[in-house]
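[1] Need coordinates for the below:
(one chain, ligands or ions: 1)
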Amino acid sequence: MPEPITIVRTKDSRLTEDLRENSPFGTNYSDHMFVVDYCDGQWRDARIVPFGPMELSPATTALHYGQSFFEGFKAHRTADGRVALFRPMANHARLNRTAARLAMPELPESLFRDGLVELIRTDRDWVPRRDGGSLYVRPVYFGTDDSLMVRPASRYRFVIFTSPGGPYFAQPIRLLAEETYVRAFPGGTGDAKTAGNYGGGLLAAKLAQAKGYANVLWLDGKERRFLEESGVMNVMVIINGVAITPPLSGTILPGVTRDSALTLLRESGAKVEERPVSIDEVLSAQSAGTLHEAFGIGTAAIIAPIACIGYRGKDYEIPTGSTTGFAQQLKSQLTAIQYARVPDTHNWLLYV
Ligand SMILES: Cc1ncc(COP(=O)(O)O)c(C=O)c1O
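    The predicted structure is shown next:
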């Protein structure tokens, strides 16, 4: 029998309407967090406690050897005033795949779901009410041994905390196709949500930003030819009416939004291809006028239109703003499901 989750409520809530409705992404956190520790082969002491700093040894495994990763998804206030999480168990499945890749113990499904639901219930007043608002949920899982031995830790901590955010109006972005740095390579950790993947990507993004781009368009690690990801989102291009996205071949993150978009596209009868797509193919289509759209796909923005790809010193403009295009259709379909404005026929919502 799993132990019950203990709850220690904060005595002074920080909740204000302004914090709940007007916080920029990832800057303010709700009152509580869910914490559970792993030690001696068991998960113990599941608890909800006031959100706040944690004491860690400077020798903590995660800080030195990178046994650290996170997840991200959202809770929405639905049309009928309830609170629903969007596909959290898909994130749980990905969490355990990342854990396995980093030689970390599996986190039981019931522990994840019960802790998550209890936390969102405890902080349900933090879920924004305004149109397009959501409570971003950030699980983080890391090794906590106090030891410099290079080996998998014997102790771990799993935490979930949340952050209110407003609608994300994705301005069309300019991306620089990156040929010097790579995000991933076959056999690496590209399909896992490891903290190190993000650290390794920051310099390329920073250099691209200095040149006026929002982020990089990652190309494959072997040939620097095939599209992989749009910054920290999956990527899709529409060529001649066909929606094309790189396959899950081990070097890209299997996005939950990508999977949801592919499901909706296939149901609508759209032509969809999961296959390698080269930068040459995309730019030839752009020249021929058959590249109709390109966009990033991920939890934060849902769909982020790409207005321009910079490649070898030249900028290639891409049409954006069509109200009947794939990007707009997908965004409105996905948000309608998330806010329960349409029936949840895929069973994607977990009500708390
Ligand atoms: C590198 C990377 N790719 C893709 C995604 C999109 O994944 P999801 O749709 O699950 O948010 C994310 C965001 O989580 C990401 O960090």
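[2] now the stretch 51-200 of the chain, which segments are flagged as low pLDDT?
    169 (pLDDT under 70).
[3] Tell me where it has strands.
    Using DSSP state E, counting those that start in this stretch, the strands of the stretch 51-200 of the chain run over 68-70, 73-77, 83-86, 134-143, 156-165, 173-178.
[4] Name the strands paired with the last one and say parallel or antiparallel.
    The strands that strand 173-178 pairs with in its sheet are strand 215-219 (parallel), strand 302-311 (parallel) (by DSSP bridges).
[5] Any part of that strand near the ligand?
    No. Under the criterion of CB under 6 Å from any ligand atom, the ligand is not reached by strand 173-178; the shortest gap measures 13.5 Å. Glycine gets a C-beta too; all of them are placed from N, C-alpha and C.
[6] Contacts for that strand next, please.
    Residues outside strand 173-178 that contact it (CB atoms under 8 Å, 6 or more residues apart in numbering): 204, 208, 211-219, 230-231, 279, 296, 304-312, 315.
[7] domains of this protein?
    6-167, 173-338 (automatic domain parsing).
[8] Could you work out the end-to-end span of the first one for me?
    When the termini of domain 6-167 are compared using CA to CA, to the nearest Å, they are 33 Å apart.
[9] Could you do the last one as well?
    By CA to CA, the extent of domain 173-338 from end to end equals 24 Å.
[10] Equivalent analysis for stretch 170-180, please.
    OK, stretch 170-180 end separation, CA to CA: 27 Å.
[11] quick one: buried residues of it?
    170, 172-178 (16 or more other CB atoms under 10 Å).
[12] Distance from the chain centre to it, please.
    18 Å (CA atoms, centre = their mean, to the nearest Å).
[13] Make 96 the starting number, not 1.
    Shifting the count to begin at 96 puts that one at stretch 265-275.
[14] List of residues touching stretch 142-157?
    Here stretch 142-157 has contacts from 100-105, 124-131, 158, 162-163, 210, 213-214, 217, 237-243, 248, 252, 254, 256, 290, using CB under 8 Å, 6+ apart.
[15] one more time with 7 Å, if that's ok
    100-103, 105, 124-130, 162-163, 213-214, 217, 237-243, 248, 256 (CB atoms under 7 Å, 6 or more residues apart in numbering).
[16] check contacts around the residue of the stretch 146-295 of the chain found nearest the ligand.
    When distances are taken as CB to the nearest ligand atom, the stretch 146-295 of the chain reaches nearest to the ligand at residue 167, 5.2 Å away. By CB under 7 Å, 6+ apart, the contact list for residue 167 reads 231-233, 394.
[17] which of those come close to the ligand?
    Restricting those to those near the ligand - CB under 6 Å from any ligand atom - leaves residue 394.
[18] In JSON lines: the contacts of residue 167, plus neighbour count.
    Below are the contacts of residue 167 laid out as JSON lines (neighbours: other CB atoms under 10 Å):
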{"residue": "231", "neighbour count": "20"}
{"residue": "232", "neighbour count": "24"}
{"residue": "233", "neighbour count": "16"}
{"residue": "394", "neighbour count": "21"}
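[19] Near the ligand, which residues of the stretch 246-395 of the chain are found?
    Neighbours of the ligand within the stretch 246-395 of the chain, by CB under 6 Å from any ligand atom: 324, 327-329, 348, 350-353, 393-394.
[20] quick one on the thing from earlier: deepest-packed of the strands paired with strand 268-273, please.
    For these, average neighbour numbers computed from mean count of other CB atoms under 10 Å are highest in strand 310-314, which has a mean of 25.
[21] and after it, which helix or strand comes next?
    As assigned by DSSP states H and E, the chain's next helix or strand after strand 310-314 is strand 322-325.
[22] How about residue 324: what's its closest non-neighbour residue?
    In space, and not counting its chain neighbours, residue 324 is closest to residue 313: 4.7 Å by CB to CB, 6 or more residues apart in numbering.
[23] now do residue 403
    The shortest distance from residue 403 to any non-neighbouring residue, by CB to CB, 6+ apart, is to residue 269 (4.2 Å).
[24] just residue 412 next, same as before
    residue 403 (5.3 Å).
[25] separation between the one you found and residue 279?
    Distance, residue 403 to residue 279, using CB to CB, to the nearest Å: 24 Å.
[26] Next one, pLDDT for the residue nearest to residue 324 please.
    Among the per-residue scores, residue 313 shows a pLDDT of 98.
[27] right, and it touches residue 323 too?
    Yes. Between residue 313 and residue 323 there is a contact under CB atoms under 7 Å: 4.2 Å.
[28] Mind listing the shared neighbours of those two?
    What both residue 313 and residue 323 touch, as defined by CB under 7 Å, 6+ apart, is the set residue 278.
[29] Now render the strands paired with strand 268-273 as JSON lines, adding distance to residue 294.
    Listed next are these as JSON lines, based on distance: least, CB to CB, whole Å:
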{"stretch": "strand 310-314", "distance to residue 294": "15"}
{"stretch": "strand 397-406", "distance to residue 294": "22"}
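[30] Can you check which of the ones you listed gets nearest to residue 116?
    strand 397-406 (19.3 Å; CB to CB).
[31] For the helix or strand that comes right after that closest one, buried residues please.
    Remark: after strand 397-406, the chain's next helix or strand is strand 409-412, criterion DSSP H and E. By 16+ other CB under 10 Å, the buried positions in strand 409-412 come out as residue 411.
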